[in-house]
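> generate a structure from the sequence data that follows.
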Amino acid sequence: MAKIDSPSPPAAGPGPEELDDYMSMTIAEPAKPAEKETYTQRRIRKQREAEARSRPKSKAELAAAAAAARDDALSTALPNSSKGFQMMAKLGFKPGAALGASSNPNARTEPLHISVKEDRGGVGMQNEKKRKFREEVEGVEKKQRAEEGGYRERVAKEREGKRVEGMFWGAMRVLEGLEQPEGRDQVPVKKVNVLWRGLVRERQEKERERRARYDLHQGFSRSAAYVDFEEDEQDRQALGKEEEDVEEEDEELNEFLNLEGKERLKRLVGYLRKEHQYCFWCKFKYVDETMEGCPGLEEDDHD
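Numbering: from 1, shown residues only. Next comes the predicted model:
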């Protein structure tokens with residue numbers, strides 16, 4: 001009985017992945033043909049290239065090119081065909097090893113860096129210039145520090161002088177209050193203690209100047225024949241109606257005021273303690289000469 005072959009199944013069609021995706025298709029634009037360079041454009045390009053080649057390089061460009069060539073040469077190892085390499089190989093040199101004995105720990109494996117000398121100065125001239133420049137800078141800094149220190153010292157000295165001068169005038173007022181209290185008849189200037197006579201003299205000078213300015217303004221509106229019976233002797237002298245006695249030079253007072261401020265203050269403080277049992281630093285008048293309770297003679301003792 002003959003065998004009847006069954007018909008083969010139909011071939012499978014393309015899967016869903018093999019189907020063309022018409023939604024995502026991109027149509028490539030045709031490449032634009034290269035634009036042909038015109039005669040004018042070619043002439044301008046060649047002219048610019050010729051100008052660039054003929055333009056002399058600046059010093060900076062030459063130095064950069066030389067540095068690049070030097071670094072390139074130093075970073076390139078000697079080829080085996082080089083005479084220098086062959087000579088070193090005969091002496092036992094191997095690529096990557098150091099020159100000299102293998103037992104030397106300080107042997108160099110890198111070439112020495114080249115320092116190009118661009119000026120005309122001799123060997124060591126640059127170090128000498130650096131040394132002189134460093135000395136000049138140090139000298140300027142030292143001078144500035146000295147000036148700053150001198151300024152601070154001068155300001156501190158002036159401040160201390162003003163402080164001592166203020167205490168001196170305060171001590172004179174204290175001595176005036178002890179030796180000539182209010183209500184007592186005024187003593188002539190020449191008979192005042194020289195330790196506080198300067199205070200009286202300064203007060204008289206200020207009063208004289210004040211009266212002179214006042215009477216000068218008032219005198220412009222007065223008649224020459226006007227007589228003011230309330231004017232005293234000093235008023236008539238200020239108006240020029242009477243001649244003022246010329247004060248004699250007080251050499252004793254001038255000699256005392258010419259002393260250093262600390263010395264004048266020291267004499268005043270000592271006189272107050274000795275004659276009046278008064279301590280200027282304590283601001284207190286003690287009952288007897290022992291001055292029991294006073295820390296000492298100096299200002300530092302009363303801190």
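> so where do the helices sit in the stretch 1-150 of the chain?
Secondary structure of the stretch 1-150 of the chain (DSSP state H, counting those that start in this stretch): helices at 39-54, 59-75, 83-90, 125-179.
> make CSV out of those and add mean neighbour count, mean pLDDT and distance to W281.
In short, each C-beta sits where N, CA and C put it, glycine included. CSV is the format used below for the helices of the stretch 1-150 of the chain (neighbours: other CB atoms under 10 Å; pLDDT from 0 to 100; distance: least, CB to CB, whole Å):
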stretch, mean neighbour count, mean pLDDT, distance to W281
helix 39-54, 10, 88, 91
helix 59-75, 11, 84, 76
helix 83-90, 12, 85, 91
helix 125-179, 12, 85, 10
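> got those helices as CSV, with distance to A31 columns?
Shown next, in CSV, are those (distance: least, CB to CB, whole Å):
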stretch, distance to A31
helix 39-54, 21
helix 59-75, 39
helix 83-90, 52
helix 125-179, 62
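> which of these sits closest to R211?
helix 125-179 (21.9 Å; CB to CB).
> elements contacting that closest one?
helix 194-219, helix 261-276 (3 or more CB pairs under 8 Å, 6 or more residues apart in numbering; DSSP states H and E).
> gap between that helix and the chain center?
Averaging C-alpha positions (CA atoms, centre = their mean, to the nearest Å) puts helix 125-179 17 Å from its chain's average.
> got the angle between that helix and helix 194-219?
90 degrees (axes from the mean of the first three to the mean of the last three CA atoms, to 10 degrees).
> report the angle between helix 125-179 and helix 261-276.
20 degrees.
> what's the pLDDT at L19?
With respect to pLDDT, L19 scores 53.
> how close does V187 sit to R210?
Counting by CB to CB, to the nearest Å, the separation of V187 from R210 is 22 Å.
> deepest of the helices and strands packed on helix 125-179, which one?
Of the helices and strands packed on helix 125-179, the one with the most neighbours on average (mean count of other CB atoms under 10 Å) is helix 261-276, at a mean of 17.
> quick one: list the elements packing against it.
helix 125-179, helix 194-219, strand 278-279.
> again, only this time at 6 Å
Counting contacts by 3 or more CB pairs under 6 Å, 6 or more residues apart in numbering; DSSP states H and E, helix 261-276 packs against helix 125-179.
> in this structure E252 contacts N193, no?
No - assessed by CB atoms under 6 Å, E252 is found out of contact with N193, at 10.6 Å.
> find the residues that touch each one of the two.
Overlap of the contact sets of E252 and N193 (by CB atoms under 6 Å, 6 or more residues apart in numbering) is empty.
> which one of the two is surrounded by more residues?
N193 (15 against 11; other CB atoms under 10 Å).
> which non-adjacent residue is nearest the more buried one?
Spatial nearest neighbour of N193, chain neighbours left out: E179 (6.2 Å); criterion: CB to CB, 6 or more residues apart in numbering.
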